[in-house]
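> Build the 3D model from these lines:
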Amino acid sequence: MIGTVTVDARISDWVVQRVVRRVMGPLVPLTATVAALLVGAAMVWGFGGDPVEGYRAMFTGAFGGISEFADTTVKATPLLLVGVGICIAFRASVINIGGEGQIIAGALLSTVVVLALPDLHRGALLPLALIAGAVGGACMGFIPGVLKAYANVNEILSTIMLNIVAGYMMQYLLLGPMIDKEAVEAGNHIAQTKRLSPNSDLPILLGDTQMNLGIVIGAVVAIGAFFLLWRTSLGYEIRAVGGSKDASRYAGMKVERRIVQALTLSGMMSGLGGAVLVFSSVAHRLSVESGPAGFTQLAGFNGIVAALFGGLHPLWTIPAAILFGGLLVGANALQRAVQVATPLVVALSGLVVVFVVSSDRAVRWARHLGERFDIGASPEHDRTGSAASGGADAPTTPSGEGAEP
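From the prediction side, this is the model:
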(Lines give C-alpha, C1' and ligand atoms only; values in the text may rest on other atoms or scores of the structure.)
Protein backbone atom coordinates (compact mmCIF):
# COMPACT_ATOMS: atom_id res chain seq x y z
CA MET A 1 0.00 0.00 0.00
CA ILE A 2 2.80 2.36 0.89
CA GLY A 3 4.59 1.66 -2.38
CA THR A 4 1.39 2.31 -4.33
CA VAL A 5 0.89 5.70 -2.67
CA THR A 6 4.49 6.65 -3.47
CA VAL A 7 4.17 5.67 -7.13
CA ASP A 8 0.87 7.56 -7.43
CA ALA A 9 2.48 10.67 -5.92
CA ARG A 10 5.42 10.46 -8.34
CA ILE A 11 3.08 10.07 -11.32
CA SER A 12 1.11 13.09 -10.08
CA ASP A 13 4.35 15.09 -9.83
CA TRP A 14 5.33 14.15 -13.37
CA VAL A 15 1.90 15.04 -14.82
CA VAL A 16 1.83 18.43 -13.08
CA GLN A 17 5.37 19.22 -14.25
CA ARG A 18 4.48 18.46 -17.88
CA VAL A 19 1.31 20.58 -17.66
CA VAL A 20 3.29 23.50 -16.21
CA ARG A 21 5.89 23.31 -18.98
CA ARG A 22 3.32 22.99 -21.77
CA VAL A 23 1.04 25.78 -20.55
CA MET A 24 3.60 28.24 -19.25
CA GLY A 25 5.86 27.96 -22.31
CA PRO A 26 3.41 29.72 -24.69
CA LEU A 27 1.63 31.67 -21.93
CA VAL A 28 4.63 33.67 -20.74
CA PRO A 29 5.46 35.20 -24.18
CA LEU A 30 1.76 35.93 -24.72
CA THR A 31 1.62 37.74 -21.38
CA ALA A 32 4.77 39.65 -22.32
CA THR A 33 3.12 40.78 -25.57
CA VAL A 34 0.03 42.01 -23.71
CA ALA A 35 2.30 43.93 -21.32
CA ALA A 36 4.15 45.47 -24.27
CA LEU A 37 0.87 46.53 -25.87
CA LEU A 38 -0.23 48.16 -22.62
CA VAL A 39 2.99 50.16 -22.50
CA GLY A 40 2.48 51.00 -26.17
CA ALA A 41 -1.06 52.18 -25.42
CA ALA A 42 0.35 54.61 -22.87
CA MET A 43 2.79 55.91 -25.49
CA VAL A 44 0.03 56.38 -28.09
CA TRP A 45 -2.09 58.21 -25.51
CA GLY A 46 0.88 60.36 -24.55
CA PHE A 47 1.25 61.49 -28.17
CA GLY A 48 -2.39 62.49 -28.38
CA GLY A 49 -3.81 59.36 -30.02
CA ASP A 50 -6.66 57.09 -28.96
CA PRO A 51 -5.10 53.72 -28.05
CA VAL A 52 -8.42 51.88 -28.16
CA GLU A 53 -9.15 53.11 -31.67
CA GLY A 54 -5.56 52.46 -32.67
CA TYR A 55 -5.53 48.85 -31.47
CA ARG A 56 -8.93 48.23 -33.04
CA ALA A 57 -7.51 49.43 -36.36
CA MET A 58 -4.40 47.30 -35.85
CA PHE A 59 -6.44 44.14 -35.28
CA THR A 60 -8.74 44.90 -38.20
CA GLY A 61 -5.79 45.64 -40.46
CA ALA A 62 -4.23 42.27 -39.67
CA PHE A 63 -7.20 39.93 -39.22
CA GLY A 64 -10.26 41.93 -40.24
CA GLY A 65 -10.92 40.10 -43.51
CA ILE A 66 -9.63 37.58 -46.01
CA SER A 67 -7.42 40.12 -47.77
CA GLU A 68 -5.98 41.38 -44.49
CA PHE A 69 -5.33 37.85 -43.22
CA ALA A 70 -3.67 37.01 -46.54
CA ASP A 71 -1.26 39.91 -46.08
CA THR A 72 -0.55 38.67 -42.56
CA THR A 73 0.33 35.17 -43.80
CA VAL A 74 2.68 36.64 -46.41
CA LYS A 75 4.46 38.60 -43.69
CA ALA A 76 4.47 35.60 -41.34
CA THR A 77 5.94 33.03 -43.76
CA PRO A 78 9.62 34.08 -43.57
CA LEU A 79 9.24 34.58 -39.80
CA LEU A 80 7.94 31.03 -39.51
CA LEU A 81 10.76 29.49 -41.53
CA VAL A 82 13.46 31.42 -39.69
CA GLY A 83 11.77 30.63 -36.38
CA VAL A 84 11.74 26.90 -37.07
CA GLY A 85 15.47 27.09 -37.79
CA ILE A 86 16.02 28.90 -34.50
CA CYS A 87 14.16 26.11 -32.69
CA ILE A 88 16.47 23.48 -34.19
CA ALA A 89 19.62 25.41 -33.29
CA PHE A 90 18.34 26.07 -29.77
CA ARG A 91 17.94 22.34 -29.10
CA ALA A 92 21.69 21.97 -29.65
CA SER A 93 22.34 24.96 -27.35
CA VAL A 94 23.65 27.15 -30.16
CA ILE A 95 22.25 30.54 -31.15
CA ASN A 96 21.77 31.44 -34.78
CA ILE A 97 21.75 35.23 -35.29
CA GLY A 98 22.59 34.82 -38.98
CA GLY A 99 19.06 34.60 -40.33
CA GLU A 100 19.47 37.78 -42.36
CA GLY A 101 22.55 36.52 -44.17
CA GLN A 102 21.06 33.07 -44.66
CA ILE A 103 17.90 34.57 -46.18
CA ILE A 104 20.05 36.56 -48.60
CA ALA A 105 22.18 33.54 -49.52
CA GLY A 106 19.06 31.48 -50.21
CA ALA A 107 17.51 34.25 -52.27
CA LEU A 108 20.66 34.73 -54.35
CA LEU A 109 21.26 31.06 -55.13
CA SER A 110 17.61 30.37 -55.97
CA THR A 111 17.54 33.45 -58.24
CA VAL A 112 20.69 32.27 -60.05
CA VAL A 113 19.01 28.94 -60.74
CA VAL A 114 15.89 30.59 -62.16
CA LEU A 115 17.92 33.01 -64.30
CA ALA A 116 19.95 30.09 -65.66
CA LEU A 117 16.93 27.87 -66.40
CA PRO A 118 14.07 30.27 -67.25
CA ASP A 119 12.30 27.90 -69.67
CA LEU A 120 12.26 24.87 -67.40
CA HIS A 121 8.78 23.49 -66.72
CA ARG A 122 7.02 24.96 -63.69
CA GLY A 123 6.74 21.58 -62.00
CA ALA A 124 10.53 21.26 -62.04
CA LEU A 125 11.74 24.87 -61.84
CA LEU A 126 9.90 25.93 -58.69
CA PRO A 127 10.95 22.93 -56.56
CA LEU A 128 14.50 23.24 -57.90
CA ALA A 129 14.58 26.94 -56.99
CA LEU A 130 13.28 26.28 -53.48
CA ILE A 131 15.87 23.54 -52.98
CA ALA A 132 18.58 25.93 -54.19
CA GLY A 133 17.41 28.49 -51.62
CA ALA A 134 17.62 25.90 -48.85
CA VAL A 135 21.13 24.90 -50.00
CA GLY A 136 22.25 28.53 -50.03
CA GLY A 137 21.06 29.08 -46.48
CA ALA A 138 22.56 25.77 -45.37
CA CYS A 139 25.98 26.84 -46.64
CA MET A 140 25.77 30.04 -44.61
CA GLY A 141 24.81 28.00 -41.54
CA PHE A 142 27.51 25.38 -42.13
CA ILE A 143 30.35 27.92 -41.84
CA PRO A 144 29.59 29.15 -38.30
CA GLY A 145 28.72 25.56 -37.35
CA VAL A 146 32.20 24.34 -38.26
CA LEU A 147 33.81 27.34 -36.56
CA LYS A 148 31.80 26.70 -33.40
CA ALA A 149 32.32 22.93 -33.29
CA TYR A 150 35.99 22.69 -34.21
CA ALA A 151 37.48 26.09 -33.30
CA ASN A 152 35.14 27.15 -30.48
CA VAL A 153 34.37 30.44 -32.27
CA ASN A 154 31.35 32.13 -30.73
CA GLU A 155 28.44 31.49 -33.10
CA ILE A 156 26.79 34.82 -32.30
CA LEU A 157 29.83 36.72 -33.51
CA SER A 158 30.38 34.60 -36.63
CA THR A 159 26.74 34.66 -37.75
CA ILE A 160 26.46 38.42 -37.31
CA MET A 161 29.63 38.95 -39.34
CA LEU A 162 28.30 36.69 -42.09
CA ASN A 163 25.14 38.83 -42.21
CA ILE A 164 27.33 41.75 -43.25
CA VAL A 165 29.23 39.65 -45.79
CA ALA A 166 25.99 38.43 -47.36
CA GLY A 167 24.59 41.96 -47.53
CA TYR A 168 27.61 43.31 -49.42
CA MET A 169 27.65 40.26 -51.66
CA MET A 170 24.02 40.89 -52.56
CA GLN A 171 24.67 44.52 -53.41
CA TYR A 172 27.69 43.62 -55.55
CA LEU A 173 25.84 40.97 -57.54
CA LEU A 174 22.71 43.03 -58.11
CA LEU A 175 24.74 46.05 -59.21
CA GLY A 176 26.97 43.91 -61.42
CA PRO A 177 26.55 40.41 -62.85
CA MET A 178 22.86 39.98 -61.98
CA ILE A 179 21.57 43.48 -62.76
CA ASP A 180 18.75 43.92 -65.30
CA LYS A 181 20.81 44.84 -68.36
CA GLU A 182 17.80 46.00 -70.39
CA ALA A 183 16.92 48.47 -67.64
CA VAL A 184 20.52 49.71 -67.56
CA GLU A 185 20.44 50.35 -71.30
CA ALA A 186 17.28 52.38 -70.73
CA GLY A 187 19.09 54.48 -68.10
CA ASN A 188 17.68 52.70 -65.04
CA HIS A 189 20.47 51.59 -62.70
CA ILE A 190 18.32 50.11 -59.90
CA ALA A 191 19.99 47.17 -58.15
CA GLN A 192 17.61 44.44 -59.26
CA THR A 193 17.33 41.48 -61.60
CA LYS A 194 15.07 41.28 -64.59
CA ARG A 195 11.57 39.92 -64.17
CA LEU A 196 12.02 36.26 -63.19
CA SER A 197 10.40 33.44 -65.12
CA PRO A 198 6.65 33.09 -64.39
CA ASN A 199 7.31 29.39 -63.95
CA SER A 200 9.03 30.23 -60.64
CA ASP A 201 6.12 32.20 -59.15
CA LEU A 202 4.61 30.66 -56.03
CA PRO A 203 0.96 29.72 -56.69
CA ILE A 204 -1.69 32.01 -55.19
CA LEU A 205 -4.01 30.12 -52.84
CA LEU A 206 -6.83 32.68 -52.72
CA GLY A 207 -7.78 34.72 -55.75
CA ASP A 208 -7.38 38.51 -55.59
CA THR A 209 -5.09 38.20 -52.55
CA GLN A 210 -1.37 37.70 -51.99
CA MET A 211 -1.76 34.50 -49.95
CA ASN A 212 0.51 31.98 -51.62
CA LEU A 213 1.92 28.51 -51.20
CA GLY A 214 4.66 29.85 -48.93
CA ILE A 215 2.56 29.61 -45.76
CA VAL A 216 1.81 25.95 -46.53
CA ILE A 217 5.51 25.29 -47.10
CA GLY A 218 6.30 26.92 -43.76
CA ALA A 219 3.73 24.83 -41.90
CA VAL A 220 4.98 21.60 -43.51
CA VAL A 221 8.57 22.49 -42.60
CA ALA A 222 7.54 23.19 -38.99
CA ILE A 223 5.80 19.82 -38.73
CA GLY A 224 8.82 18.14 -40.31
CA ALA A 225 11.13 19.82 -37.80
CA PHE A 226 8.99 18.50 -34.95
CA PHE A 227 9.26 14.94 -36.24
CA LEU A 228 12.98 15.40 -36.84
CA LEU A 229 13.63 16.55 -33.28
CA TRP A 230 11.36 14.13 -31.42
CA ARG A 231 10.93 11.13 -33.71
CA THR A 232 14.42 10.49 -35.12
CA SER A 233 17.75 9.43 -33.69
CA LEU A 234 19.38 12.52 -35.19
CA GLY A 235 16.95 14.78 -33.38
CA TYR A 236 17.50 12.87 -30.15
CA GLU A 237 21.25 13.34 -30.42
CA ILE A 238 20.88 17.04 -31.24
CA ARG A 239 18.78 17.49 -28.09
CA ALA A 240 21.17 15.38 -26.06
CA VAL A 241 24.12 17.50 -27.16
CA GLY A 242 22.18 20.60 -26.19
CA GLY A 243 21.52 19.10 -22.76
CA SER A 244 25.10 18.12 -22.03
CA LYS A 245 28.01 17.93 -24.42
CA ASP A 246 30.18 15.97 -22.00
CA ALA A 247 27.51 13.35 -21.31
CA SER A 248 26.75 13.03 -25.02
CA ARG A 249 30.42 12.58 -25.85
CA TYR A 250 30.73 9.96 -23.09
CA ALA A 251 27.74 8.13 -24.62
CA GLY A 252 29.59 7.93 -27.94
CA MET A 253 27.74 10.70 -29.80
CA LYS A 254 29.60 12.82 -32.32
CA VAL A 255 29.09 16.16 -30.56
CA GLU A 256 30.91 18.37 -33.06
CA ARG A 257 29.06 16.85 -36.00
CA ARG A 258 25.67 17.40 -34.33
CA ILE A 259 26.49 21.07 -33.66
CA VAL A 260 27.39 21.55 -37.32
CA GLN A 261 24.23 19.78 -38.42
CA ALA A 262 22.04 21.87 -36.12
CA LEU A 263 23.36 25.18 -37.47
CA THR A 264 23.28 23.88 -41.04
CA LEU A 265 19.64 22.84 -40.70
CA SER A 266 18.86 26.18 -39.09
CA GLY A 267 20.45 28.03 -42.00
CA MET A 268 18.59 25.79 -44.44
CA MET A 269 15.24 26.92 -43.04
CA SER A 270 16.22 30.60 -43.34
CA GLY A 271 17.52 30.09 -46.87
CA LEU A 272 14.21 28.55 -47.85
CA GLY A 273 12.56 31.66 -46.41
CA GLY A 274 14.72 33.80 -48.68
CA ALA A 275 13.61 31.83 -51.74
CA VAL A 276 9.97 32.21 -50.71
CA LEU A 277 10.47 35.98 -50.34
CA VAL A 278 11.74 36.21 -53.92
CA PHE A 279 9.15 34.05 -55.61
CA SER A 280 6.20 35.48 -53.70
CA SER A 281 7.16 39.13 -54.26
CA VAL A 282 4.80 41.44 -56.13
CA ALA A 283 7.61 42.56 -58.48
CA HIS A 284 8.65 38.93 -59.19
CA ARG A 285 12.32 39.88 -59.15
CA LEU A 286 15.18 40.11 -56.65
CA SER A 287 15.73 43.75 -55.73
CA VAL A 288 17.93 45.52 -53.22
CA GLU A 289 16.83 49.05 -54.06
CA SER A 290 16.24 49.91 -50.41
CA GLY A 291 19.19 47.89 -49.11
CA PRO A 292 19.47 44.27 -47.93
CA ALA A 293 17.28 44.97 -44.90
CA GLY A 294 14.59 46.26 -47.24
CA PHE A 295 14.54 42.91 -49.00
CA THR A 296 14.64 40.69 -45.90
CA GLN A 297 12.19 42.94 -44.00
CA LEU A 298 14.31 42.07 -40.94
CA ALA A 299 12.76 38.60 -40.95
CA GLY A 300 16.07 37.15 -39.82
CA PHE A 301 15.72 38.96 -36.50
CA ASN A 302 11.93 38.98 -36.19
CA GLY A 303 11.96 35.22 -36.75
CA ILE A 304 13.91 34.88 -33.50
CA VAL A 305 11.09 36.67 -31.70
CA ALA A 306 8.52 34.40 -33.35
CA ALA A 307 10.46 31.36 -32.13
CA LEU A 308 10.67 32.72 -28.59
CA PHE A 309 6.98 33.62 -28.76
CA GLY A 310 6.27 29.99 -29.65
CA GLY A 311 8.27 28.66 -26.71
CA LEU A 312 11.10 27.57 -29.04
CA HIS A 313 8.91 24.71 -30.27
CA PRO A 314 8.42 24.19 -34.04
CA LEU A 315 4.67 23.60 -33.86
CA TRP A 316 3.95 26.53 -31.54
CA THR A 317 6.01 28.72 -33.86
CA ILE A 318 3.27 28.43 -36.52
CA PRO A 319 0.61 30.46 -34.62
CA ALA A 320 3.33 32.63 -33.07
CA ALA A 321 4.63 33.69 -36.49
CA ILE A 322 1.12 34.47 -37.72
CA LEU A 323 0.39 36.52 -34.61
CA PHE A 324 3.65 38.46 -34.80
CA GLY A 325 3.22 38.93 -38.54
CA GLY A 326 -0.22 40.35 -37.77
CA LEU A 327 1.34 42.82 -35.35
CA LEU A 328 3.72 44.02 -38.05
CA VAL A 329 0.98 44.32 -40.67
CA GLY A 330 -1.52 45.91 -38.29
CA ALA A 331 0.98 48.51 -37.11
CA ASN A 332 0.57 50.34 -40.42
CA ALA A 333 -3.21 50.47 -39.94
CA LEU A 334 -2.69 51.79 -36.41
CA GLN A 335 -0.52 54.61 -37.73
CA ARG A 336 -3.16 55.66 -40.26
CA ALA A 337 -5.98 55.46 -37.72
CA VAL A 338 -4.52 57.58 -34.93
CA GLN A 339 -2.13 59.70 -37.04
CA VAL A 340 0.99 59.09 -34.97
CA ALA A 341 4.57 59.40 -36.16
CA THR A 342 6.23 56.44 -37.86
CA PRO A 343 8.94 56.15 -35.17
CA LEU A 344 6.21 55.50 -32.60
CA VAL A 345 4.95 52.51 -34.59
CA VAL A 346 8.52 51.20 -34.88
CA ALA A 347 8.93 51.68 -31.13
CA LEU A 348 5.75 49.68 -30.52
CA SER A 349 7.12 46.74 -32.50
CA GLY A 350 10.40 47.10 -30.64
CA LEU A 351 8.59 46.95 -27.31
CA VAL A 352 7.04 43.63 -28.26
CA VAL A 353 10.49 42.31 -29.21
CA VAL A 354 12.09 43.47 -25.96
CA PHE A 355 9.30 42.11 -23.74
CA VAL A 356 9.13 38.73 -25.50
CA VAL A 357 12.90 38.24 -25.52
CA SER A 358 13.07 39.22 -21.85
CA SER A 359 10.39 36.66 -21.04
CA ASP A 360 12.72 33.81 -22.05
CA ARG A 361 14.12 33.68 -18.53
CA ALA A 362 10.60 33.28 -17.15
CA VAL A 363 9.96 30.43 -19.58
CA ARG A 364 13.07 28.61 -18.34
CA TRP A 365 11.90 29.13 -14.78
CA ALA A 366 8.49 27.66 -15.64
CA ARG A 367 10.00 24.60 -17.31
CA HIS A 368 12.03 23.76 -14.22
CA LEU A 369 9.39 24.75 -11.68
CA GLY A 370 8.47 21.16 -10.95
CA GLU A 371 12.04 20.03 -10.44
CA ARG A 372 12.94 22.94 -8.15
CA PHE A 373 9.88 22.86 -5.91
CA ASP A 374 8.76 19.21 -6.36
CA ILE A 375 5.22 20.22 -7.34
CA GLY A 376 2.53 17.85 -6.13
CA ALA A 377 4.62 15.91 -3.62
CA SER A 378 4.12 16.10 0.11
CA PRO A 379 6.71 15.52 2.85
CA GLU A 380 4.74 12.50 4.03
CA HIS A 381 5.05 10.90 0.61
CA ASP A 382 8.78 11.54 0.55
CA ARG A 383 9.31 10.04 3.99
CA THR A 384 7.10 7.05 3.19
CA GLY A 385 8.91 6.43 -0.06
CA SER A 386 12.30 6.61 1.64
CA ALA A 387 11.25 4.15 4.34
CA ALA A 388 9.83 1.71 1.80
CA SER A 389 13.04 1.74 -0.22
CA GLY A 390 15.36 1.46 2.72
CA GLY A 391 16.53 5.05 2.41
CA ALA A 392 17.44 4.82 -1.26
CA ASP A 393 16.59 7.66 -3.60
CA ALA A 394 13.31 7.31 -5.45
CA PRO A 395 13.44 6.82 -9.22
CA THR A 396 13.46 10.03 -11.20
CA THR A 397 10.69 10.89 -13.63
CA PRO A 398 10.93 12.14 -17.22
CA SER A 399 11.39 15.89 -17.34
CA GLY A 400 13.39 18.67 -18.88
CA GLU A 401 14.36 19.35 -22.47
CA GLY A 402 14.81 15.69 -23.28
CA ALA A 403 11.15 14.87 -22.69
CA GLU A 404 8.71 14.94 -25.54
CA PRO A 405 6.97 18.34 -25.72
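> switch to C-alpha atoms for all contacts and neighbour counts from now on
Noted.
> what about this protein, any weak spots by pLDDT?
Where the chain drops to pLDDT under 70, the residues are 1-26, 360-405.
> any idea which helix or strand carries the nearest residue to D208 once chain neighbours are set aside?
Among residues not flanking D208 along the chain, S67 sits closest, at 8.0 Å (C-alpha to C-alpha, 6 or more residues apart in numbering). Using DSSP states H and E, S67 sits within helix 66-91.
> Show the secondary-structure elements that that helix is packed against.
The contact analysis (3 or more C-alpha pairs under 8 Å, 6 or more residues apart in numbering; DSSP states H and E) places helix 66-91 against helix 51-63, helix 214-231, helix 233-243, helix 255-279, helix 299-309, helix 314-338.
> what's T111 in contact with, if anything?
T111 sits next to 129, 196, 275, 278, 286 when contact means C-alpha atoms under 8 Å, 6 or more residues apart in numbering.
> What of L30?
Residues in contact with L30 (C-alpha under 8 Å, 6+ apart) are 309, 356.
> From G310, how far off is it?
Distance check for L30 against G310: by C-alpha to C-alpha, to the nearest Å, it reads 9 Å.
> same question, M169
Plainly put, M169 is 32 Å away from G310 if you go by C-alpha to C-alpha.
> Repeat that for L234.
To G310, L234 is 23 Å away according to C-alpha to C-alpha.
> Between those two, point out the one with more neighbours.
Neighbours per residue (other C-alpha atoms under 10 Å) separate L234 from G310, with G310 holding more: 26 against 15.
> That one touches F324, doesn't it?
No - taking contacts as C-alpha atoms under 8 Å, G310 lies outside contact range of F324: 10.3 Å.
> End to end on stretch 305-317, go ahead and measure it.
Stretch 305-317 has its terminal residues 10 Å apart, counting by C-alpha to C-alpha.
> Enumerate every residue touching P29.
P29 neighbours (C-alpha under 8 Å, 6+ apart): 308-311, 355-356, 359-360.
> Wait, a helix at it?
Yes - when DSSP: H, G, I helix; E, B strand; the rest coil is applied, P29 is found to be in a helix.
> any idea how far it is from F355?
Separation of P29 from F355 (C-alpha to C-alpha): 8 Å.
> Stretch 44-51: which residues count as buried?
Of the residues in stretch 44-51, 44-45, 49-51 count as buried by neighbour count, 16 or more other C-alpha atoms under 10 Å.
> how about TSV for those residues, with distance to L80 added?
Shown next, in TSV, are the buried residues of stretch 44-51 (distance: C-alpha to C-alpha, whole Å):
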residue	distance to L80
V44	29
W45	32
G49	32
D50	32
P51	29
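> Which one of those is nearest to G137?
The nearest member of those to G137, counting by C-alpha to C-alpha, is V44 at 39.1 Å.
> quick one: what helix or strand has that closest one in it?
Using DSSP H and E, V44 maps to helix 2-46.
> sorry, back to before: let me have the helices and strands packed on helix 66-91 in JSON lines, extended by distance to C139.
Putting the helices and strands packed on helix 66-91 into JSON lines (distance: least, C-alpha to C-alpha, whole Å) gives the following:
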{"stretch": "helix 51-63", "distance to C139": "35"}
{"stretch": "helix 214-231", "distance to C139": "18"}
{"stretch": "helix 233-243", "distance to C139": "19"}
{"stretch": "helix 255-279", "distance to C139": "7"}
{"stretch": "helix 299-309", "distance to C139": "16"}
{"stretch": "helix 314-338", "distance to C139": "22"}
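> mind checking which of those is nearest P144?
Closest of the helices and strands packed on helix 66-91 to P144 is helix 255-279, at 7.4 Å (criterion: C-alpha to C-alpha).
> next helix or strand past that closest one?
Counting by DSSP H and E, the element after helix 255-279 in chain order, helix or strand, is helix 292-296.
> Can you list the neighbours in contact with that following helix?
Helix 292-296 has contacts (C-alpha under 8 Å, 6+ apart) with 100, 103-104, 167, 170-171, 274, 277, 287-288.
> Count the neighbours of the closest residue to G40 other than its chain neighbours for me.
Using C-alpha to C-alpha, 6+ apart and skipping residues adjacent in sequence, the residue nearest G40 is L348, 5.6 Å away. Residues near L348, counting by other C-alpha under 10 Å, number 22.
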